[in-house]
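Peer 1: Sequence unavailable; structure follows:
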């Protein structure tokens, strides 16, 4: 019951955390951090140029809730910082993505073809799924190129979505990109979980449902102590949206019942 009540609170009753997010942005600015996107930081790492002494990489995974996504973007424009927004097929908003790119931040793909294929084809054996990887990769390439064409901008980094199917299979969507030729054909320089990026980050912080909020620590605690921080946020953890949360909860329940 405690878990259910916590879920109800997070999805429908939680006060907005937008001010708390803005506080993180302000604190990083006050402590002299460069606040930037995954793409920009990866370009710095790959170039071999000296890295900023203090840097906060903002990454937003847009699993649901475009309304809150726009509010996060507005906060960042207000403070003149850059970030990365990764959109699923179910949350694609090409006009918003174009606005993000025009501003100088990054809009790209939050992919999940492996999990989607497993659920659609009722596959629960990771060995069988690996055998189908050529078909899964073809679907990824088709989706990636279609989004890129609609966006009118080269997408050079992507980020894997974590689905309940991935956890049950113990197989991440990142397996799709374990193919150098695919990366070259798509022009993908970096997956957000690549070691080439993570090895240049001192602490990786992801938001969590209340009451935890963040793991492993709050970004406000990390900012004075850590030089290179990656902060991953999701609109759902920032502000409640009863319509979007209800739709997502029902869809996930349906998928779980039919897989």
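Peer 2: All right, it came through fine. No experiment lies behind these values; they were computed from the predicted model shown.
Peer 1: What about residue 231, how many residues nearby?
Peer 2: Residue 231 has 24 neighbouring residues, counting by other Cβ atoms under 10 Å. For the C-beta atoms, the positions are set from N, CA and C on the backbone; glycine is no exception.
Peer 1: could we number from 273 for the rest of this?
Peer 2: Let's use 273 as the start, then, which means that last one is residue 503.
Peer 1: Residue 330 is in contact with that one, correct?
Peer 2: Yes - at 5.8 Å, residue 503 counts as touching residue 330 under the criterion of Cβ atoms under 8 Å.
Peer 1: after the lengthiest strand in the chain, next one along is what?
Peer 2: Counting residues, the longest strand in the chain under DSSP state E turns out to be strand 327-334. For strand 327-334, the following helix or strand on the C-terminal side (DSSP states H and E) is helix 338-351.
Peer 1: From the contact counts, what lies against that following helix?
Peer 2: Judged by 3 or more Cβ pairs under 8 Å, 6 or more residues apart in numbering; DSSP states H and E, the packing partners of helix 338-351 are helix 290-302, strand 327-334, helix 366-375, helix 507-510.
Peer 1: Specify the stretch among those that is closest to residue 439.
Peer 2: Minimum separation from residue 439 across these (Cβ to Cβ) falls at strand 327-334, 15.7 Å.
Peer 1: Paired strands for that closest one, with orientation please.
Peer 2: strand 306-308 (parallel), strand 356-359 (parallel), strand 500-505 (parallel) (DSSP bridges).
Peer 1: Quick one: residues contacting the nearest residue to residue 394 once chain neighbours are set aside.
Peer 2: Leaving out its chain neighbours, the residue that sits closest to residue 394 by Cβ to Cβ, 6 or more residues apart in numbering is residue 531, at 6.4 Å. Residues near residue 531 by Cβ atoms under 8 Å, 6 or more residues apart in numbering: 390-391, 394, 396, 437.
Peer 1: same check, this time on residue 371
Peer 2: residue 345.
Peer 1: now swap in residue 488 and tell me
Peer 2: Contact analysis of residue 488 by Cβ under 8 Å, 6+ apart lists 475, 477.
Peer 1: Against residue 511, how distant is it?
Peer 2: Between residue 488 and residue 511 the computed distance is 23 Å (Cβ to Cβ, to the nearest Å).
Peer 1: how far away is the residue nearest to residue 394 from residue 409?
Peer 2: 21 Å.
Peer 1: now swap in residue 503 and tell me
Peer 2: Distance from residue 503 to residue 409, by Cβ to Cβ: 30 Å.
Peer 1: Ok, residue 522 next?
Peer 2: 30 Å.
Peer 1: Who has more neighbours out of those two?
Peer 2: residue 409 (20 against 10).
Peer 1: Give me the residues contacting whichever strand or helix holds the more buried one.
Peer 2: Here residue 409 sits within helix 405-423, counting by DSSP H and E. The contact list for helix 405-423 (Cβ under 8 Å, 6+ apart) reads 361, 364, 366, 369-370, 373, 379, 381, 383, 385-386, 388-389, 401, 426-427, 430, 447-448, 451, 454, 457-458, 460.
Peer 1: hmm, 6 Å instead?
Peer 2: 366, 369, 381, 383, 385-386, 389, 427, 448, 454, 458 (Cβ atoms under 6 Å, 6 or more residues apart in numbering).
Peer 1: What ranges in this protein fall below the confidence cut-off?
Peer 2: Counting by pLDDT under 70, the chain has low-confidence residues at 273.
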